[in-house]
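Peer 1: no sequence for this one, just the structure:
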């Protein structure tokens, strides 16, 4: 695929920089956009709510079931953990010690492993936010891109034949008026001249 004759290639990569003061080297992680969620969905299918029978024999899903809500919450946590682990695979040389990417029972340990490696809770949140940004799950970044796109054509205008600013006054020295905004004012001005 091309956009303005430029080939679009590869997933989005977000650099996550964790500063380290003194003589310590800053930590730079790379989070790549996940192109396919099928491996997660096959390993961890979304939980289904149980059925309940209503009066008259009608059946419907019981979305208020406590066990279902707990399972759905755990599934959401596993999905975020999988996304972090999967996205950070783009970081050259990164190795997990307690995480086995193919074993969902280990995924939720990623926070503990990051803490054990010396990351603060705020730094862990920064890493997670970087993963979300790589996967366009950051509304602020989407809004910035939208504004840049909408602003783009205006920024590309070089010079026009018209004045670059509004004329502050007429040749008579009186302030220029916007005749479209106040028709009465333009009629009064025309009548007094």
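Peer 2: Perfect, thanks for sending it. What you see is a predicted model; the values in this text were computed from it and never measured. Numbers count the residues shown, from 1 in each chain.

Peer 1: was I right about residue 53 contacting residue 59?
Peer 2: Yes: with contact defined as C-beta atoms under 8 Å, residue 53 counts as touching residue 59 (5.6 Å). The C-beta positions use only the backbone N, C-alpha and C, and glycine is treated the same way.

Peer 1: buried residues of the helix ranked longest in the chain, list them for me.
Peer 2: When the chain is parsed with DSSP state H, its longest helix is helix 66-87. For helix 66-87, the neighbour count (16 or more other C-beta atoms under 10 Å) marks 68, 72, 78-87 as buried.

Peer 1: from those, which two are the most distant?
Peer 2: 68 and 87 (28.2 Å; C-beta to C-beta).

Peer 1: ok, of the buried residues of helix 66-87, which one's closest to residue 47?
Peer 2: residue 72 (5.4 Å).

Peer 1: now the closest one: how far from residue 46?
Peer 2: Counting by C-beta to C-beta, to the nearest Å, the gap from residue 72 to residue 46 is 8 Å.

Peer 1: check residue 136 too.
Peer 2: 21 Å.

Peer 1: out of these two, which sits in the busier spot?
Peer 2: Neighbours per residue (other C-beta atoms under 10 Å) separate residue 136 from residue 46, with residue 136 holding more: 13 against 10.

Peer 1: I figured the more buried one hits residue 14, correct?
Peer 2: No: using C-beta under 8 Å, residue 136 makes no contact with residue 14, being 9.9 Å away.

Peer 1: surely residue 25 forms part of a strand?
Peer 2: No: Residue 25 is assigned coil when assessed by DSSP: H, G, I helix; E, B strand; the rest coil, not a strand.

Peer 1: just give me the neighbour total for it.
Peer 2: 6.

Peer 1: for this structure, just list every one of the strands.
Peer 2: 2-3, 6-7, 13-18, 27-32, 51-53, 59-61 (DSSP state E).

Peer 1: nearest to residue 148, of the ones you listed?
Peer 2: Closest among those, using C-beta to C-beta: strand 2-3, at 14.0 Å.

Peer 1: mind listing the strands the closest one pairs with, and their directions?
Peer 2: strand 6-7 (antiparallel) (DSSP bridges).

Peer 1: could you tell me the average pLDDT over the partner strand, please?
Peer 2: Strand 6-7 shows a mean pLDDT of 84.

Peer 1: in the protein, which spans are helices?
Peer 2: Counting by DSSP H, the helices of the chain are 38-43, 66-87, 104-107, 110-116, 121-134, 139-155, 183-192.

Peer 1: tell me the contacts of the closest residue to residue 19 other than its chain neighbours?
Peer 2: Residue nearest to residue 19 in three dimensions, not counting chain neighbours: residue 26, with 5.2 Å by C-beta to C-beta, 6 or more residues apart in numbering. By C-beta atoms under 8 Å, 6 or more residues apart in numbering, the residues touching residue 26 are 17-20.
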